[in-house]
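# Pasting the sequence and the predicted coordinates here, then a few questions.
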Amino acid sequence: MGKKKQLSEDEKLYKDLQEKCEKLTPAQIEYLVHETLEQDTPAEVIKNLEKQKENKMSKIKELFGVEVGEAFDIERDNEIVKDYLFGCYGMLVTPTDTTHLRRLLLTGELITGKAKIIKHKQPILTEEERDYLQAVCEPYDIKYIKKETFDCKQKLYIDIYLKNGDTIPMPFFSPTSKMYKGMELNRPYIPEQLDIKKGD
């Protein structure tokens, strides 16, 4: 006889959730899921709701690799369920699924790996950033565009490299600014990667 497979802690948790879901109320199942999310955050340490929210947001990032409020899809049983996100207190939220128990069990499946998150592909530039660079680049034949540092990394700027060898440096901005945060530092982007189109 072969050895009986040892269940991992996550598998035990999921099995426990499955076995108990018909016997427990939604509030009790919610407690089970929340206990998993809060296992490193004892209740006595949480002194107020803001602290609880901060801890939950950090735990969501650690467990699932997504930010609170970041939209994603979920893959389970070879199907894709669309447009979920985690609310600030760790609950799955979606406009298309109002079944509380189902969202709790989906959270359990994400914790155990039975379901997985598929991130939405994010554009590199915001619409405002793209429109601004589009207007600057339009008269020129662009080779690539980079986000670079200046003054010992105290300042950032966008440098536009032209095919004729010239460059167009843009105004400086702070490293703590949210400007162009989708661009990797010192990586050359061709215009098409930034959705910047050639002028007529």
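That came in fine, so what should we check first?

# low-confidence ranges in the protein?
When the per-residue scores of the chain are filtered using pLDDT under 70, the ranges that remain are 1-53, 55-56, 88-90, 95-101, 199-200.

# and with 50 instead?
Counting by pLDDT under 50, the chain shows low-confidence ranges at 1, 40-49.

# got the domain boundaries for it?
Using automatic domain parsing, the domains assigned to the chain come out as 9-119, 127-194.

# which residues sit in contact with the nearest residue to Y189 once chain neighbours are set aside?
The spatial neighbour of Y189 that comes closest, neighbours along the chain excluded (CB to CB, 6 or more residues apart in numbering), is I145 at 5.1 Å. No exception for glycine: its C-beta is placed from N, CA and C like everyone else's. Residues in contact with I145 (CB atoms under 8 Å, 6 or more residues apart in numbering) are L133, C137, I158, D159, I160, Y161, P188, Y189, I190, P191, L194, I196.

# Please type out the ChimeraX selection for whichever of these turn out to be buried.
ChimeraX command restricting those to the buried ones, with burial defined by 16 or more other CB atoms under 10 Å:
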select :133,137,158,159,160,161,189,191,194,196
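
# got TSV for the contacts of I145, with distance to R103 too?
Putting these into TSV (distance: CB to CB, whole Å) gives the following:
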residue	distance to R103
L133	40
C137	44
I158	41
D159	46
I160	46
Y161	48
P188	42
Y189	38
I190	41
P191	41
L194	36
I196	39
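
# In helices, which of the contacts of I145 appear?
L133, C137 (DSSP state H).

# tell me which of the contacts of I145 is nearest to L85?
Nearest to L85 among the contacts of I145 is L194, at 25.9 Å by CB to CB.

# ok, the closest one touching L133?
Yes. Assessed by CB atoms under 8 Å, L194 is found in contact with L133 at 6.8 Å.

# Could you tell me which residues touch both of those two?
With contacts taken as CB under 8 Å, 6+ apart, the residues that reach both L194 and L133 are L125, I145.

# K59 in helix, strand or coil?
State at K59, reduced to three classes by DSSP: H, G, I helix; E, B strand; the rest coil: helix.

# burial measure for it, as a count.
19 (other CB atoms under 10 Å).

# how close does it get to M179?
29 Å (CB to CB, to the nearest Å).

# just I168 next, same as before
When CB to CB is the yardstick, I168 and M179 sit 17 Å from each other.

# got it, and Y84?
Y84 sits 29 Å away from M179, going by CB to CB.

# Which of those two has more residues huddled nearby?
In this comparison of Y84 against M179, neighbours counted by other CB under 10 Å, the higher total goes to Y84 at 23 against 19.

# Identify the residues contacting the helix or strand where the more buried one lies?
In the assignment (DSSP states H and E), Y84 maps to strand 79-86. With contact meaning CB under 8 Å, 6+ apart, strand 79-86 is reached by 60, 64, 66, 68-75, 92-97, 106, 118.

# if you set the cut-off to 6 Å instead, what comes out?
Where contact means CB atoms under 6 Å, 6 or more residues apart in numbering, the residues beyond strand 79-86 that reach it are I60, V68, G69, A71, D73, I74, L92, V93, T94.
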